[in-house]
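1. predicted model, plus sequence, below.
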Amino acid sequence: MKQLLMMLICVAMLVMPSVVAADIGISIDADINAVLSQDVEAQDEIVEGELEIFTTAVGLSISVNDILFLRPFIGAAQVDLEIEEYDLGVESDTGLLFGVEAEFNVYKTKEISEPLNDIQIALIGSCQRSSLDVDEVSLGSLSSASPLNVDITYRSWELGLKASKVLGKITPYIGIVYGESDVEYEANLFGITLTETLDAKDNVGIRCGLEGEVLPNVKLALDVKLIDQTAIGGRVTYKF
């Protein structure tokens with residue numbers, strides 16, 4: 001997360017001189033995302049698990065000269081965590097989610113042959129956090145629908161590069177990112193206290209998808225995340 005904040009500060013310093021005369025664009029959006037599978041492990045690599053994360057959010061996107069894009073967002077998240085070594089399952093209630101995404105266009109290919117002409121290269125980054133209460137905990141064949149002193153916190157950030165190209169009303173993209181995410185849980189169940197922080201096993205991932213204009217000022221987007229996690233998401237955006 002520190003790296004992302006530094007990137008945002010540097011970008012802001014670069015564009016600040018032109019902000020006064022900048023072309024500012026505003027849009028609102030709503031999205032839904034599902035991380036179907038993300039492998040996590042403790043630092044000692046003894047404890048391993050698998051995450052499933054479902055989120056919905058609304059965002060406010062601000063663009064500066066169609067070069068810099070910032071999107072703070074807020075929404076809701078729900079996390080399922082399975083710990084193999086303990087035969088432990090943790091299912092959270094729906095909790096608050098907040099974060100920010102950033103994109104900075106750095107280069108566009110010109111005067112070269114198709115299909116490599118007019119490809120936009122951009123720096124991308126995001127961070128998010130969610131703190132949740134736990135709805136149900138299972139330990140082997142035992143389960144508790146209302147466990148005491150159980151909570152879970154999910155954090156993630158990523159930085160990378162993205163290449164996109166406008167093809168009529170559709171803009172496909174593909175990118176590569178490096179990121180870190182972790183989930184921290186503390187459970188007191190049946191006299192056993194379990195506290196653990198699990199980090200993502202894989203830090204490099206592929207991001208791909210496409211965005212298309214379906215109505216004037218209205219766009220739909222589909223996003224897929226691979227390698228570091230298996231995830232799919234969708235977003236609808238209205239530009240003022």
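-> On my side now, so go ahead.

2. in the chain, which spans are strands?
-> With DSSP state E as the criterion, the chain has strands at 24-41, 48-64, 68-83, 88-92, 95-108, 120-139, 142-144, 148-164, 170-189, 192-200, 204-215, 218-226, 230-239.

3. with respect to burial, which of these scores highest?
-> strand 88-92 (a mean of 22; mean count of other C-beta atoms under 10 Å). (Each C-beta comes from the backbone N, C-alpha and C, glycine too.)

4. could you give the angle of that strand to strand 68-83?
-> Computed by axes from the mean of the first three to the mean of the last three C-alpha atoms, to 10 degrees, the angle separating strand 88-92 from strand 68-83 equals 140 degrees.

5. ok so, going back, weakest of the strands of the chain in terms of mean pLDDT?
-> Least confidently modelled of the strands of the chain is strand 142-144, at a mean of 60 by mean pLDDT.

6. for the closest residue to D182 other than its chain neighbours, give me its contacts.
-> Counting by C-beta to C-beta, 6 or more residues apart in numbering, D199 is the residue found nearest to D182 once chain neighbours are left out, at 4.7 Å. By C-beta atoms under 8 Å, 6 or more residues apart in numbering, the residues touching D199 are V40, E41, A42, Q43, E180, S181, D182.

7. so what pairs up with V40 in the strands?
-> Listed by DSSP bridges, the beta-bridge partners for V40 are G49, A200.

8. let me know the closest of the contacts of D199 to L81.
-> For the contacts of D199, the minimum distance to L81 (C-beta to C-beta) is 7.9 Å, reached by V40.

9. gap between the closest one and G212?
-> Distance of V40 to G212, computed by C-beta to C-beta, to the nearest Å: 34 Å.

10. same question, D202
-> Taken as C-beta to C-beta, the span from D202 to G212 is 30 Å.

11. same deal with S63?
-> Computed as C-beta to C-beta, the S63 to G212 distance reads 18 Å.

12. next: L88.
-> L88 sits 42 Å away from G212, taking C-beta to C-beta as the criterion.

13. equivalent analysis for D31, please.
-> Look at D31 and G212: by C-beta to C-beta, they are 15 Å apart.

14. redo the contacts of D199 as CSV? Include distance to I124.
-> Putting the contacts of D199 into CSV (distance: C-beta to C-beta, whole Å) gives the following:
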residue, distance to I124
V40, 23
E41, 26
A42, 29
Q43, 28
E180, 15
S181, 16
D182, 21
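
15. circling back: tabulate the strands of the chain (a markdown table), appending distance to E114.
-> Output for those, formatted as a markdown table (distance: least, C-beta to C-beta, whole Å):
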| stretch | distance to E114 |
| --- | --- |
| strand 24-41 | 28 |
| strand 48-64 | 27 |
| strand 68-83 | 26 |
| strand 88-92 | 48 |
| strand 95-108 | 14 |
| strand 120-139 | 15 |
| strand 142-144 | 58 |
| strand 148-164 | 15 |
| strand 170-189 | 15 |
| strand 192-200 | 38 |
| strand 204-215 | 18 |
| strand 218-226 | 24 |
| strand 230-239 | 28 |
